[in-house]
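> Please work out how this folds:
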Amino acid sequence: MGPTTTTKRPARVSLDRLELTRLNAIGLLVAFVLFWVPLLIDVPNLDDVGERMLAIFLVALVLFVTEAIPLFATAALIILLQVLMISDQALVPLAEPAGTARHFYAALADPVVILFLGGFLIADGAAKYRLDRNLASLVLTPFKHNARLALLALMLLTAILGQFMSNTATAATMFAVLLPVLYALPDAKARAGFALSIPLAANVGGLGTPVASPPNAIAVAAVSARGEQISFVQWMIAMWPLILVLLALGWVYLIVRYVPKGLALEFTLERDFDTRLSAKVYYAASALTILLWFTEPFHGIPASGAAFLAVVILLGSKVMTGDDLRALQWPVLWLVAGGIALGGGVVASGLDAWLVGLVDWTAVPGVLLLLALAGLTWALGNVLSNTATANLIIPIGLALAVSIGEDVVTIGILLAAASSMGMMLPVSTPPNAIAYATGTVKTGELAAMGALVGIAGVLLLGLVLPHLWVLLGVIG
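Numbers count the residues shown, from 1 in each chain. The predicted model follows:
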């Protein structure tokens, strides 16, 4: 008798991930109902293509707010609905479609998405070759005998890394380095102060370059769609005054409230720079890309082209592999693409002009208008994801800028910055959630820090920075 064989039954598929919370279910229901309202009821002063885009916009609004489906899935849904409803391939044809299907699908390979792709690959390489941790050791070790200066060095390093890494990756990296330092501190207040410094610096540092955060990328793409351009260097010139002021304000707040004078740190951080040939190629490719980003006005190579050059060099030299490519933050790239498509559809359909026309903005003084835009965006950024806030607000804000003769570059930068400054709650941004998860900070402490930085940032954006940007030549 031959060996007995057994046939395994196929494993049952778990449906846990398909379970909906009450908020998810309500979100889906409200999105479904609102989708049909503009399609079944004639909307005054809005033509057919505008009504269809309004239906898409309402669905996006509800799904972004409730997160009934993942944010990147909402982004993909936006593109699909635009193709099926307002493109030249619409299921119910339009006399004047808002664009071709190819145009809406192209959002997935928009130059801004390519810019982010290169930035993500460089950032992941920094972790792969331990560059981030070695830099942390290099910067922090000289200040270990002065906790207040060490805190300042930590915040500056986090903000600088945040220029080229996502704020999530930056915060995760810095906490991985800092946790032994945190737990060695004898003072619980000091532990909270150091823990709070990382999300503050990561979020504020994320303002610094077009590749630093999705709201920045969405603003650059939306401004470009309006016929204006913001170079890599222009963006940095506009944002770094704000970054430095907010970092200084945050540092003073943290040392006064949390870090006693004379406190020393007891830690040892190993420093072991990778000297293999692959690491040296990574260092050279990253340095070349960053140099090209900084010198864009001189050579004319767009930032997206420089980013794609890095992709080709790193993958072609096998310094970064297919596994590294698969591990990139593709959901974030899709979310950015969805925001680009949503903004483009709002403009192409005329929905932006209709939404702006609902209010007589000419009756609002210019200074109050800028403050109101910054304040509203910051408030939404605290309860929604920063990216979802930017996706919803920036297209409308730029339409408002055009309607009242305001500079679109000013409004684009202002709204991107205000979106990213929403950091009052553990759920506001991933760095906040990471800090909260360490158990060293409380929600109230996050809220107090986020309110201080956010309100100061809103006031600077509304009252000071637009004038400074004119002086610095960022705005013509």
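> what about the stretch 351-476 of the chain, any weak spots by pLDDT?
366, 427, 476 (pLDDT under 70).
> So which residues of it form helices?
351-356, 366-383, 386-404, 408-420, 430-437, 443-463, 465-471 (DSSP state H, counting those that start in this stretch).
> you'd agree L121 is up against L309?
No - contact status for L121 versus L309: not in contact, 11.2 Å apart, counting by Cβ atoms under 8 Å. Yep, even glycine has a C-beta here, placed from its N, CA and C like the rest.
> more crowded one of the two?
Neighbours per residue, other Cβ atoms under 10 Å: of L121 and L309, the larger number sits with L121, 26 against 16.
> list the helices and strands the helix or strand the more buried one falls within packs on?
According to DSSP states H and E, L121 maps onto helix 111-128. Contacts defined by 3 or more Cβ pairs under 8 Å, 6 or more residues apart in numbering; DSSP states H and E place helix 111-128 against helix 167-184, helix 214-225, helix 277-294, helix 303-316, helix 322-326, helix 330-348.
> And those helices: which comes nearest A448?
Nearest to A448 among the helices and strands packed on helix 111-128 is helix 167-184; the distance by Cβ to Cβ comes to 18.8 Å.
> the inter-axis angle of the closest one versus helix 214-225?
For helix 167-184 against helix 214-225, the angle between stretch directions is 160 degrees (axes from the mean of the first three to the mean of the last three Cα atoms, to 10 degrees).
> got the CA positions of the helix or strand just after helix 167-184 in CSV?
Counting by DSSP H and E, the element after helix 167-184 in chain order, helix or strand, is helix 188-205. Extracted C-alpha coordinates of helix 188-205, given in CSV (Å, rounded to 0.1, in the frame of the first residue of the first chain):
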residue,chain,number,x,y,z
ALA,A,188,9.7,62.5,33.2
LYS,A,189,9.0,66.0,32.1
ALA,A,190,12.3,66.1,30.1
ARG,A,191,11.3,62.8,28.5
ALA,A,192,8.1,64.4,27.4
GLY,A,193,9.9,67.4,26.0
PHE,A,194,12.3,65.4,23.9
ALA,A,195,9.5,63.2,22.6
LEU,A,196,7.4,66.2,21.7
SER,A,197,10.3,67.8,19.8
ILE,A,198,10.4,65.1,17.2
PRO,A,199,6.9,65.4,15.8
LEU,A,200,7.2,69.2,16.0
ALA,A,201,10.4,69.3,14.0
ALA,A,202,9.3,66.6,11.6
ASN,A,203,6.0,68.3,10.8
VAL,A,204,7.6,71.8,10.6
GLY,A,205,10.6,70.5,8.6
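> Quick check: buried residues in helix 188-205?
Using 16 or more other Cβ atoms under 10 Å as the test for burial, helix 188-205 gives 190-205.
> can you tell me the average pLDDT over the helix ranked longest in the chain?
Secondary structure of the chain per DSSP state H: the longest helix is helix 232-257. Helix 232-257 shows a mean pLDDT of 94.
> Quick one: list the elements packing against it.
helix 147-161, helix 188-205, helix 277-294, helix 296-299, helix 408-420, helix 443-463, helix 465-471.
> Let me have the ones you listed in TSV, extended by distance to A388.
Converted to TSV, these look like this (distance: least, Cβ to Cβ, whole Å):
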stretch	distance to A388
helix 147-161	24
helix 188-205	16
helix 277-294	27
helix 296-299	29
helix 408-420	9
helix 443-463	17
helix 465-471	24
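> what comes into contact with the helix or strand where L140 lies?
In this structure, L140 is located in helix 131-140 according to DSSP H and E. With contact meaning Cβ atoms under 8 Å, 6 or more residues apart in numbering, helix 131-140 is reached by 125-126, 150, 153-154, 156-157, 161, 165, 173-174, 176-178, 181, 267, 269-274, 282-283.
> cool, stretch 39-47 as well?
Taking Cβ under 8 Å, 6+ apart as the rule, stretch 39-47 contacts P38, G50, E51, R52, L54, A55, G350, L351, W354, G357.
> Buried subset of those, written for PyMOL?
Here is the PyMOL command that picks out the buried ones among these, judged by 16+ other Cβ under 10 Å:
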select buried, resi 38+50+51+52+54+55+350+351+354
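> and which of the contacts of stretch 39-47 is nearest to I218?
Nearest member of the contacts of stretch 39-47 to I218, counting by Cβ to Cβ, is L351, at 16.9 Å.
> residues in contact with the closest one?
So L351 contacts L46, G50, M53, L54, F57, G345 (Cβ under 8 Å, 6+ apart).
> 10 Å instead?
Neighbouring residues of L351 by Cβ atoms under 10 Å, 6 or more residues apart in numbering: 38, 43, 46-47, 49-57, 86, 98, 345, 395-396, 399.
> my guess is L179 meets T173, correct?
No - between L179 and T173 there is no contact under Cβ atoms under 10 Å: 11.3 Å.
> Between these two, which has more neighbouring residues?
Neighbour comparison, L179 and T173: the larger count goes to T173, with 23 against 13 (by other Cβ under 10 Å).
> tell me the pLDDT at the more buried one?
Per-residue confidence at T173 stands at 73 (pLDDT).
> Give me the neighbour count for the residue lying closest to it once chain neighbours are set aside.
The spatial neighbour of T173 that comes closest, neighbours along the chain excluded (Cβ to Cβ, 6 or more residues apart in numbering), is D132 at 4.7 Å. Neighbours of D132 under the rule other Cβ under 10 Å: 22.
> can you check L325 too?
So L325, with other Cβ under 10 Å, has 16 neighbours.
> With respect to T289, which of the buried residues of helix 188-205 is nearest?
Looking across these and measuring by Cβ to Cβ, the closest to T289 is G205, at 18.5 Å.
> before we move on, which element is the closest residue to L63 other than its chain neighbours in?
Nearest non-adjacent residue to L63, counting by Cβ to Cβ, 6+ apart: T74, 4.3 Å away. Using DSSP H and E, T74 sits within helix 71-85.
> Mind listing what's buried along that helix?
Using 16+ other Cβ under 10 Å as the test for burial, helix 71-85 gives 71-79, 81-85.
> With stretch 275-284 instead?
S278, A279, V281, Y282, Y283.
> ditto for stretch 102-113
H103, F104, Y105, A106, A107, L108, D110, P111, V112, V113.
> OK, contacts around the fifth one?
What it means is A107. A107 neighbours (Cβ under 10 Å, 6+ apart): 75, 78-79, 82, 113, 221, 334, 336-345.
> again with the second one
Neighbouring residues of F104 by Cβ under 10 Å, 6+ apart: 78-84, 86-89, 98, 340-341, 344-345, 348.
> repeat for A60
Contact analysis of A60 by Cβ under 10 Å, 6+ apart lists 31, 74-75, 77-78, 81, 338-339, 341-342, 345-346, 388, 391-392.
> Among those, which one sits closest to D324?
Nearest to D324 out of the contacts of A60 is A75 (Cβ to Cβ; 23.2 Å).
> Who's the closest spatial neighbour of that closest one, skipping the chain neighbours?
G338 (2.2 Å).
> thinking again about what came up before, can you tell me which of the contacts of helix 131-140 are buried?
125-126, 150, 153-154, 156-157, 161, 165, 173-174, 177-178, 181, 267, 269, 282-283.
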